[in-house]
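Novice: pasting the structure only:
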């Protein structure tokens, strides 16, 4: 990380030792190992999620316990996401980072600019369209959903298959579980190959990022960046407190166990890219059973976007302050509902937060062209919020493991 940042500064616009065209070329070559790393991981994410969720559900000893764990983890994810975006809104409204920017110049230069081409933001259905939108969550063709990387549809299909396997006779379920177990081992082998590139990937990706942005752009947006980072730090503290009271886990011990996976999440900006390492860390270092980790973590990478939700709250209020838009109480509630809804099922890939933010801004009347103002520093924030997303998944896995272990012990004592 340090070498990558220093290299990026030396070849970037801040120092000026290398011409911008040459710096872009050098940055592209330096980032090649990182791009290969991401490509290898993304290649096996879908089969790994599919196999892991099914095997995790089918390995559950008690179907009633499975139902309870599933309900509790979904409620945990939704609750923490609402807390995260509410925290982001509170900090942005309190610190008012948008008032520290030269709003007149920004409005003059961005007021009529088209929104950046970051992808198409998903549309929010109205009440009449809601039943049809719910039906589309069930994949009519699971293979097609896999090809299109529709992660939420893949997860729903895998959950249904896993629950069905858990309810039928073990002798009938065993052949399919053996095939999925082999598929899971193949995926983890590919992951082990990719992990050999991880140190070089971190160096190259950070060098390219710093060479593109430079220090000047980072300093100019310091108030906005500081507000988001403060919110993410507070959210991390919330997770550690929940971990201590919900599972009796010591925060420092937990952070030591997960530091490698959080560093990788920070470097790659992709929850999906670190999902295999998250599962392995939960099982090997945090003592979470495969039946819990292989269900909670892939599900969390799909619907648990705490860091992203917090960032969207801060960014929406920041841009509203820059453009002089009075959001109001109704607008704040709309931001919360929109951001929480959009976070569910968004791809766990770098930069997707910008896509969702475009939709959030349009719901409260803030010009989406303002995204161009924060695009320069978004990668830094994307890296930070991804680390918080992954941390939330691991905290949920530990808490669910602790809860299910206590429930199982209570049942055993009752039987005795």
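Specialist: Thanks, I have it. The shown structure was predicted, so the numbers you read here are calculated from the model rather than taken from an experiment.
Novice: Make sure residue 49 is actually in contact with residue 156.
Specialist: No - using CB atoms under 8 Å, residue 49 is not in contact with residue 156, being 11.4 Å away. Where you see a C-beta, it was placed from the backbone N, CA and C, and this is true even at glycine.
Novice: higher neighbour count, the two?
Specialist: Comparing residue 49 with residue 156 by other CB atoms under 10 Å, the one with more neighbours is residue 49, at 26 against 19.
Novice: what helix or strand does that one sit in?
Specialist: helix 32-58 (DSSP states H and E).
Novice: by how many degrees do the next helix or strand after that helix and helix 32-58 diverge?
Specialist: Downstream of helix 32-58, the first helix or strand assigned by DSSP H and E is helix 63-95. Angle of helix 63-95 versus helix 32-58, following axes from the mean of the first three to the mean of the last three CA atoms, to 10 degrees, is 140 degrees.
Novice: For helix 63-95, buried residues please.
Specialist: Residues of helix 63-95 classed as buried: 65-66, 69-70, 72-74, 76-77, 80-92, 95 (neighbour count, 16 or more other CB atoms under 10 Å).
Novice: now for that helix, which elements pack on it?
Specialist: In this structure, helix 63-95 packs against helix 151-167, helix 222-247, helix 290-303, helix 306-323, helix 328-343, helix 371-415, with contacts taken as 3 or more CB pairs under 8 Å, 6 or more residues apart in numbering; DSSP states H and E.
Novice: So for residue 358, what's the pLDDT?
Specialist: Looking at residue 358, its pLDDT reads 68.
Novice: for residue 213, that is, sorry about that
Specialist: At residue 213, pLDDT is 62.
Novice: Same check on the one 4 residues further on?
Specialist: According to the model's per-residue confidence, residue 217 sits at a pLDDT of 50.
Novice: what's the answer for residue 257, then?
Specialist: On pLDDT, residue 257 comes in at 92.
Novice: Go ahead and list the helix or strand containing it.
Specialist: Per DSSP H and E: residue 257 is located in helix 251-268.
Novice: Contacts for that helix next, please.
Specialist: 1, 34, 37-38, 41, 198, 201-202, 205-206, 240, 243-244, 271, 273-274, 277-278, 281, 285-286, 350, 383-384, 386-387, 389-391, 394-395, 398 (CB atoms under 8 Å, 6 or more residues apart in numbering).
Novice: Return the set of buried residues in the helix holding residue 49.
Specialist: Neighbour count says helix 32-58 has 33-34, 37-38, 40-42, 44-58 buried, by 16+ other CB under 10 Å.
Novice: avg pLDDT for that helix?
Specialist: 77.
Novice: for stretch 186-203, same thing?
Specialist: On average, the pLDDT along stretch 186-203 is 79.
Novice: what separates that stretch from the chain centre, distance-wise?
Specialist: Relative to the centre of its chain, stretch 186-203 is centred 19 Å away, using CA atoms, centre = their mean, to the nearest Å.
Novice: again with stretch 260-269
Specialist: 11 Å.
Novice: just stretch 391-401 next, same as before
Specialist: 14 Å.
Novice: pLDDT (mean, whole number) over that stretch?
Specialist: Stretch 391-401 carries an average pLDDT of 92.
Novice: just stretch 131-143 next, same as before
Specialist: For stretch 131-143, the per-residue pLDDT averages 75.
Novice: Please report the separation between the first and final residues of it.
Specialist: End-to-end distance of stretch 131-143 (CA to CA, to the nearest Å): 23 Å.
Novice: For residue 51, which residues are in contact?
Specialist: Residue 51 neighbours (CB under 8 Å, 6+ apart): 180-181, 183-184, 187.
Novice: out of those residues, which are inside helices?
Specialist: The helices in this structure, assigned by DSSP state H, contain 180-181, 183-184, 187 from the contacts of residue 51.
Novice: quick check, nearest of the residues you listed to residue 316?
Specialist: The closest of these to residue 316 turns out to be residue 187 (CB to CB; 37.2 Å).
Novice: My understanding was that the closest one contacts residue 49; is that so?
Specialist: No - counting by CB under 8 Å, residue 187 stays clear of residue 49, with 9.3 Å between them.
Novice: count of residues packed around residue 98?
Specialist: Neighbour number of residue 98 under other CB under 10 Å is 25.
Novice: Spatially nearest residue to it (excluding sequence neighbours)?
Specialist: When the adjacent residues along the chain are set aside, residue 98 lies closest to residue 321, with 2.6 Å between them (CB to CB, 6 or more residues apart in numbering).
Novice: For the one you found, give me its contacts.
Specialist: 92, 96-99, 103.
Novice: hmm, 10 Å instead?
Specialist: Neighbour list for residue 321: 92-93, 96-101, 103, 224, 327, 366 [criterion: CB atoms under 10 Å, 6 or more residues apart in numbering].
Novice: Same question for residue 11.
Specialist: Counting by CB under 10 Å, 6+ apart, residue 11 makes contact with 17-20, 22-27, 30, 207-208, 210-211.
Novice: Recalculate using a threshold of 6 Å.
Specialist: By CB atoms under 6 Å, 6 or more residues apart in numbering, the contact set of residue 11 is 18, 23, 26, 211.
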